[in-house]
Each structure stands twice: as C-alpha cells, then as structure tokens.
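In: here's my sequence, what's the structure:
(chains A and B)
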Amino acid sequence: MSGAAPRTAAADHADPPPVPHRTGTPRAVALVHAAAGALACLALGHTLWHGLTDPGIALAFGALIAVGELARWGAGPPARGGAGALPGDRESAPLGVAGALAYALLGEVAGRPTSHGVLQTVAVVVAAGLIGLVPHVALGRGPALDHIARRVLTVGFAATCFQPLYNTGRLAAWIGDGTYYTCYLLGILVLTALCDAVLAAALARARTGWPYGPLLRDELRSLLGIGSAICASGLVIALATAVAGLWALPVFCLPLLLTQFSFRRYAAVRATYRQTIASLARATEIAGYTPPGHARRVAVLSRAVGRELGLGEADLNVLEYAALMHDIGQLSLVDPVTGGATAGLPSAEQRRIALLGGAVVRQTGVPAEVAVIVERQADPFREQPLPARIVRTVNAYDDLAGGDGGPGGTLRALERLRLSTAQDFEPRVVEALARVLSRPLGPA
Amino acid sequence: MRQLPMGAYAYIGCAVLAAVGCAAPAALPAAGTPWPTVALLAVLYAACERMRNCPLTGGRAPAGGAPAHGDGMPPRWGCPVLLAGVFLLPPAAAALVALPGALLSGTAERSPAARRVWHAAELALAAWAAAQVFGAGGSRAVLAPEFPYALLPAAAATTAFCAVLAVLDGGVLVAAERHAPRTAWRGLLLRSLAPHLVHGLAGLMMAVLWRSSYGPAAALLVLLPMYISCWVFAQYHRERAAHQATIRALVQAVDLKDRYTRGHSERVGRASVMIARELGMAEDRLEVLRFAGILHDVGKLGVPTRLLRKDGPLTSEERRVIELHPEYGHEIVRGIGFLGEARAAILHHHERMDGKGYPYGLRGREIPEFARVVAVADAFDAMTSTRSYRRARPVAAAVAELRRSAGAQLDPRMVRALVAALARHGWQPEVVTAGADGPALPPPRRAGVPLRRRPAPAAVPPPGTTALPGTAVTPHPGAAKGER
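Out: This is a model prediction of the structure:
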C-alpha cells in the first residue's frame, strides 16, 4: 500500500526527497514477490486445470475488484504532493481490496452455499487485479508490484482461514451461522489486517532502510483509518451477499465509495496546505533573511534525523512544519541578520526571534505543537522537547556548513556542534545527524 | 444570548404535539411494537450522537459553525440507524428511535434545551412519515428474495425522510432565526438528498443484516465506513480552515512590514470578486481570484522593511527595489498548485494597458485577465484608504479617477464592471477579519505578543478622516498593547 516513500512538504517545492534507493531489489522484497508470484501461479494453474466453480459469482466479484483497481487513487494526474502525503491513506484501491476480502470470506449467496476454494479465490483476485491494471500500465504508470504481492498474500491468508473450514462444513458444526459466525469472520479480518501491516512495514523497511518500529506503528495507525472501513465493508459485502444475493455488490459499495471520496478530498486539501506552508517558509528566503533553500534543507534533514531517532509519521509531520517555519520570526526584524545565520547571535536575541516566530506560527492554523517547537528552538536542549532539539541542531548545522558545505564543511560543522553539546545541542541528536550525513546517498 | 421569539416556541410546540401524536400508537397493546428492536436501535442512535465528541474524532467539532450543512453531508452520521428503524419497524415505533439520542445529544449552541426538543420532534416526524411511505409500498419485510424490489420503496422512504426534514428545517429557520420566508427553503432539499440516499442504502443494508441470521452485530459493521467517512469529513474541514489561516498568515507577514497596508489585501480581494461577479465569471475562478487579490502584494515580503516604512520621497534606486515585489510575490507562491491563474495575477498586477508598467511591460490583452482585475481593485482601494502621504478619498472621487485612468493604465472593461458593482452593492471599507465564506477562523492574533520590534506610531487615521468612506486603517487590537 505504501509503496513509495511518503511525499513531504519540503520536497514539494523542488527536487524529490533524497531517498536512498538501494541498487537492485532488497532480499526481503524479492522474497515477498517470489512467494506471491508462486501462490498466484499455483492458483491460476489450478483454476485453469479444474475450471471455475460458480462462474457467475466469480465473474461478479472479479468485475468489482477490477473496477476498484481501475478507480485507483492515483488514477488522476499525479498531483504534486498528492494522495501519498496522507498517513492513513495507505490503501490506494479500497474498493478492490474490500471486494477481494469479501470474495475470500464469501460462504453463501442468497442462501445457497458456494464452494470456491482458496486457490480459486486467489486466482480470481489476481486475474481481476491484472485486468484492472492494464489501463494504468498503458498510460505509463507502472504497476505497484508491492501492492499486488501483498494483496495476493493477504487474500490468500484470509481465504485459507475461512474457505476450507466452511466448505467442509466444520465451521457450521462448531459455531453455526449466527452472531458467532460474524465474530469469527471479524477475527479473521483483524488477523489479516495485522499481518498485512507487518508485511507492509517489512517491505517499507527493506526499501528505505528506516527503522522498523515507527514504520509498523504508522501502518497500524493507518489501519484505524481507512483500513478499518475497508475491512468492515468487505465483511458487510460478504454477509449481505450471503443474505440478499449478488444484488448486494453494487448497492453496498456505495458507502465505501463515499469514504473513498472523503479521503480523496481530504488528501487534496492537505496537499495544498503543505504547499502553502512551504511557501510561507520560503518568504524569509525571498525577503533575504535566510539563504536560499535553507528552510527546505533544514526540513528534509530534520525529518531524516527524526526518523533516525524513531519518531512516527505524525510526529515527523509536526517536526517538518516546525523546521520549515523555524526562521519565520525573522520577518519581524527590520534588518536581516547577516547571512541569516541565527546560530551566531547571542542566545537572548535568538530566543527573542524564536518567540516572535512562535507568535506568527500560532496564526497559521498548524497544530499548537509546531508553535511550541518554533518558540523553544533556541532554549538549552535540556529544557526543550525532542523535536525542538532536532530543529535547533539541524538549523545550526545548516548555518555552519553554509548550504551544501562539501565534505570539509560537513565535518567542520559537525565538530563545532559536538563542541557545544554541553548546553546547546543534545549529543544524541548530533550523533543521529552525523549518522544521517554519513550515508553515502545523502540524507534520507 | 438572544431569546428565541415566541413564534419559534409555538412552532416547536406544534411539532412536538404532532410527534407525540405520531408516536403514541406504539404504546397501545394492539400495536405489537417490537420493543427490543426499538430499544436496541435507540441505544445505537444515542451512541452515534455521543460519538460525535469521542476522542477518535479529535475531540473537537469541525472548526466553523455548520460546515456539515453547507457541503452536502447531513450533520447526523447516525442517520443510517434511523433509516434502518424506518425499514424495520412500524411507523409509530420508528418515530421513537430518534428520541433518546436527540434529547441527550450535546449542543454548544444557544438555547440547547429548545434545540434538543426540536431535533427530537423533527426526527420523529420524519421517521414516521418515511415509515408510512415504506409501508405503503407493499410488504414491510426486507427479506432476501424480495431484495431488489425493496430498493424502490427504500428510496421513496428516504426521499420522504429528507423532504420532511427539509420542510421542517426551513420552517424553523423562518420562525427562530428570522430568515426571509422566500429564501429559507432554497436548496435545502437538493443539498441533502444525495447524502441521505447514500445513508438510506446503508440503512437498508443494516435492516437486511439485522433481519438475517447474522443478527444485529453484523448490522453494526455497516456503521463503521459511515463513521470513518464522517470523521474524515470533519478532518477535511479542520484542514481547510487551517489552510485559510495560513494564507492569512502570509498576508499578515506583509502587514508586519508595511503597516499602512493593513486590511488592504482583504479589501482588494473583495473588490476583485465584485468585479468578477459583475463579469459573470465561474464560481471556482472567483475563489482563485479572491486569493489573487488577497495575496497580490505578498512579494513585499522581499522588499527591505526600511524602504517600505520610509516616509518621504523615494530615490529612483529605491523605487526600482520596490518595483521588484511582483516578481518576489510570484516566486513565493510559485509552489502553491491550486492558485493557478492567481500566480500570473500576482506577477502582472502592476502592468499597464499602454505597456509602461512593470515587470515585463506587457500591454493590452497580453496582460492576464486576473491581473487586470486585481490592478483595478488595487488602484481603487489605494485611493479610498489612508496612506502615509495622504488621506483617503471618497468613493465618488476614486471612481472619477479610475475612469480617467481607464484605457492608458487600467482595463476599461474592469473599471466599468467595478463601477457597476459599486453602484449595485456599495462599498464597505471596514476590514472583514474572518472570511465571509468558509469556516470561521481561529481568533485573530493574541494581543500580548509583540510582533513588531519598533513601537508602531499611531495607526489611527488622522482626525477628520473617520467620517470619510474608505478610512479602513482601523487600529489593530494588537497594535497598542503590543508595544513596550
């Protein structure tokens, strides 16, 4: 679901964020792809050999999945800072996933039991997904292989938990078909969602090299958002089809479409908001208070250091906003500080500018935490919250290294920071910064 | 706190009596009311009403008064529960489902008790009417084999539900909020019909599952997507309000530097929209144009503060520096995608029709349309507001001056449009703080924090000017207290 690295506000403005793309495919990713591919081939082969059972039902669900895949979120023009910016929008084809889960958990249609097994479920999901992909590929948008692989594995898992037990009649013998049946399906879905989150985080870790814990936390958090809506819709479609027949499919997709629409609009306004914040941040550069690109560099580097220190996506966003706007207080100075480098000013002056900045930030409607970080960026580190420490350190680094710096500048700047770790900069943050800078392909 | 008018109490009283009349038959022993179902649904609906303030929604109602009404989402996401009740229960019992939830719901607005009673009565009436319509369509059962045929009566019932709500809502707007009867009902039904139909489908789904062997637990799951989408909807409104606040912060950053332009940006935005309305531009372009007007001087951020605050004539060197501001402005907003045409307006709002403007010396129709609009609005507001070097002029004098400049400096078409709009609507120069559109913004800046290093000299207009129209340089609340 979250195949690419999340877009960042800082990156919206100029170059894409320097994410380290390791050469070749990491082993974990290759492993997942191979497993999914093997399962898909097995399923397709088995289904081709034995033929489809209940072809009408398979066709209906296949159509639903294909349509869902067609109406994928990224289907519009790739907007800058588009849908990917939103934590909780990890799923790009909610309708397709809900349809696939519903087919995996489908026991009967209008009261008549079905008998499609695990392999046919996977085969239908794969075939429909591939058909839905064709237009995307034709338009030059590459298939998100990670998504497909994860979809195949999770649907396979859900179907394995349900179909054999149901088809052999054991499930009915154990728990009947009342409320417990619903609870059992719900349990399967929760388990499936958890597995999917673990898998997604592992894939993201393999691709980006970021720490696993925060990635998993973000995935789990996004489950609460659209993830739960997808699971609930999948289950409702399965149950409603069991009661009311295939009519339920088109009718009961509508609430999910509504959810998807809300998410899209939210993502759009969020992207715009980020662009505006980034523009506000650049006002100090245009005004000549800070060197060009300073706010963006500090934001990207702060995000990388924050990730290195294990912050989650929500905290990273707050950190990024604060880093973008950390110099905004200088706008109320009549004359620019030489070179915009506040790191060289007396600390009382630095704090005054920070307070002025906080006052401006409070007007912008960003979360109050951002204003707090901006206000306290010049305090000694023991009195600061962690994000403020990061902003302070990275800001000082950028001032000292003077933009790109080069290898010599980097080392000298880091040395200066290390010398001030008694009071101004936290040693842990400085070391994280050094680690981020030492990566061969730039900050992540 | 304003008291409700007597008419409103009478109106609400009538509605309550009608609702009691509708619901009373449920208590008769002959009615055969399925009390467990009624109780379950009522509890569920009450929970939905309470959930609006639960931690998952961020604990806050969406910023702004009633965004839920404006954008086509009914304010009550528990609506599918009510409609499920309509599909499952006889009319009198369906009317009962909404009562506990509506009576217990928290509301922060004035006269909460009257509001709660009103909502309860309104929902009960709507549910009763909808259940009557659903029952009239044939059998009451939503059973499996009849499922596709249940869609039609369900849609009819939902429409009835929505229509009754719209009629009653319009009435209460007239009675309690003193809306004009002519406009009170406008658009109420159309706006809410589509979301209600979606909710109706969800309600039908709940009813089907409720009756099935899977039981009410499965029906509960239907609510989850609805809840999530309403939650996202609220988030959307929060984020949109925050975005508008950020745009304003950009403008206020300019105000920090150039104290004589305070309020200028907002007014230029307003005048630009007036011109565009007169020209009959599409509504979405109006919105962009408003931002173009608001942000047109944002490039002044790039001009040294000393120059902007300089009293007395500028040297030609200094003037050249100030004339860079359109380009700075364009550079600042370059990355804001949705501004689109507004970016060109910001870059070109100082071009002249005869080609003697800056930065590029475009002439006539080479100048983007938005830039020509903003140029007229800018000139008009500059003349009708007090600046450091002169007082404001009356609107009539400014209009005469605009007419003189039309052709050489300004686009005559835009000038004509502005004059026509002024004749029709007049001109209110006072600063509008919160946007007239969209959700209300967080309160303006705290007065205690000094945003300015130098104490601001009196921002009060010179004596004698206050009576003139256009003296909009109202002292900001923070200006006086912020000084040390």
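In: please make it C-alpha for all contacts and neighbour counts, starting now.
Out: Will do.
In: mind checking what secondary structure A:Glu285 has?
Out: Per DSSP: H, G, I helix; E, B strand; the rest coil, the secondary structure class of A:Glu285 is helix.
In: swap in the one 3 residues further on?
Out: Using three-state DSSP, the secondary structure recorded for A:Gly288 is coil.
In: what about it, neighbour count?
Out: Look at A:Gly288: counted by other C-alpha atoms under 10 Å in any protein chain shown, it has 21 neighbours.
In: pretty sure it contacts A:Pro336?
Out: Yes: applying C-alpha atoms under 8 Å as the test, A:Gly288 and A:Pro336 come out as touching, 6.9 Å apart.
In: show me the chain divided up by domain.
Out: Since you didn't name a chain, this refers to chain A. A:9-271, A:287-438 (automatic domain parsing).
In: um, chain B though
Out: B:6-239, B:258-481.
In: looking at those domains, spot the one closest to chain A.
Out: domain B:258-481 (3.6 Å; C-alpha to the nearest C-alpha).
In: from B:Gly293, how far off is B:Leu286?
Out: Distance, B:Leu286 to B:Gly293, by C-alpha to C-alpha, to the nearest Å: 10 Å.
In: look at those two and report which has more neighbours.
Out: Just comparing B:Leu286 and B:Gly293: by other C-alpha under 10 Å the higher neighbour count belongs to B:Gly293, 30 against 20.
In: coming back round to it: need the domains of chain A in a markdown table with mean pLDDT, can you?
Out: Converted to a markdown table, those look like this (pLDDT from 0 to 100):
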| stretch | mean pLDDT |
| --- | --- |
| domain A:9-271 | 80 |
| domain A:287-438 | 83 |
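In: out of those, flag the one nearest B:Gly203.
Out: Nearest to B:Gly203, of all the domains of chain A, is domain A:9-271, at 10.4 Å by C-alpha to C-alpha.
In: how far out from the middle of the chain is that closest one?
Out: 16 Å (C-alpha atoms, centre = their mean, to the nearest Å).
In: assign a three-state SS to A:Thr364, would you?
Out: Here A:Thr364 is coil, with the state taken from three-state DSSP.
In: okay, now it: neighbour count?
Out: Using other C-alpha under 10 Å, A:Thr364 is surrounded by 26 other residues.
In: over to it: give its phi and psi.
Out: Main-chain dihedrals, A:Thr364, degrees, to the nearest 10: phi -90, psi -10.
In: per-residue confidence for B:Pro443?
Out: For B:Pro443, the model assigns a pLDDT of 38.
In: tell me which element A:Val305 is part of?
Out: helix A:294-308 (DSSP states H and E).
In: for A:Ala378, find the nearest of the domains of chain B.
Out: Of all these, it is domain B:258-481 that lies closest to A:Ala378, at 17.6 Å by C-alpha to C-alpha.
In: contacts for the next helix-or-strand element following the helix holding A:Val305?
Out: For helix A:294-308, the following helix or strand on the C-terminal side (DSSP H and E) is helix A:313-324. The contact list for helix A:313-324 (C-alpha atoms under 8 Å, 6 or more residues apart in numbering or on different chains) reads A:9-10, A:87, A:214, A:218, A:277-278, A:281, A:295-296, A:298-300, A:302-303, A:306-307, A:366-367, A:369-371, A:373-374, A:387-388, A:391.
In: check which residues of the helix holding A:Val305 are buried.
Out: Neighbour counts over helix A:294-308 (16 or more other C-alpha atoms under 10 Å in any protein chain shown) mark A:294-308 as buried.
In: quick check: closest non-adjacent residue to A:Gly245.
Out: Nearest residue to A:Gly245, sequence neighbours excluded (C-alpha to C-alpha, 6 or more residues apart in numbering or on different chains): A:Ala110, at 4.1 Å.
In: pull the contacting residues for whichever residue of the stretch 251-400 of chain A sits closest to chain B.
Out: With C-alpha to the nearest C-alpha, the shortest gap between the stretch 251-400 of chain A and chain B falls at A:Ala287, namely 3.6 Å. By C-alpha under 8 Å, 6+ apart, A:Ala287 lies in contact with A:331, B:301-304.
In: now the strands for chain A?
Out: Per DSSP state E, chain A carries strands over the ranges A:108-109, A:112-113.
In: quick one, which of these is packed in tightest?
Out: strand A:108-109 (a mean of 20; mean count of other C-alpha atoms under 10 Å in any protein chain shown).
In: for that one, name the packing helices and strands.
Out: helix A:228-244 (3 or more C-alpha pairs under 8 Å, 6 or more residues apart in numbering or on different chains; DSSP states H and E).
In: which helices and strands does the helix it packs on pack with?
Out: helix A:94-104, strand A:108-109, helix A:179-208, helix A:248-252, helix A:254-286, helix B:188-211, helix B:216-257.
In: B:Leu99 and B:Ala42 touch, don't they?
Out: Yes: taking C-alpha under 8 Å as the definition, B:Leu99 is a contact partner of B:Ala42 at 7.4 Å.
In: show me what the helix holding A:Val305 packs onto, helices and strands only.
Out: On a contact count with 3+ C-alpha pairs under 8 Å, 6+ apart, helix A:294-308 meets helix A:9-13, helix A:254-286, helix A:313-324, helix A:386-401, helix A:427-438.
In: at 10 Å instead, please
Out: Applying 3 or more C-alpha pairs under 10 Å, 6 or more residues apart in numbering or on different chains; DSSP states H and E, one finds that helix A:294-308 contacts helix A:9-13, helix A:212-222, helix A:254-286, helix A:313-324, helix A:386-401, helix A:427-438.
In: out of these, flag the one nearest B:Leu209.
Out: B:Leu209 sits nearest to helix A:254-286 of all the helices and strands packed on helix A:294-308, at 15.4 Å, using C-alpha to C-alpha.
In: now do the buried residues in that closest one.
Out: In helix A:254-286, counting by 16+ other C-alpha under 10 Å, buried: A:254-264, A:266-286.
In: and the angle for it with helix A:294-308?
Out: Computed by axes from the mean of the first three to the mean of the last three C-alpha atoms, to 10 degrees, the angle separating helix A:254-286 from helix A:294-308 equals 130 degrees.
In: for helix A:254-286, packing partners?
Out: Looks like helix A:254-286 contacts helix A:9-13, helix A:94-104, helix A:228-244, helix A:294-308, helix A:313-324, helix B:188-211, helix B:216-257, helix B:325-333 (3+ C-alpha pairs under 10 Å, 6+ apart).
In: try 6 Å
Out: helix B:216-257 (3 or more C-alpha pairs under 6 Å, 6 or more residues apart in numbering or on different chains; DSSP states H and E).
In: quick one: the helix it packs on to helix B:325-333, angle?
Out: If you take the same axes, to 10 degrees, helix B:216-257 sits at 150 degrees to helix B:325-333.
In: ok now helix B:216-257, how far from the chain's centre?
Out: 13 Å.
In: cool, thanks, talk later.
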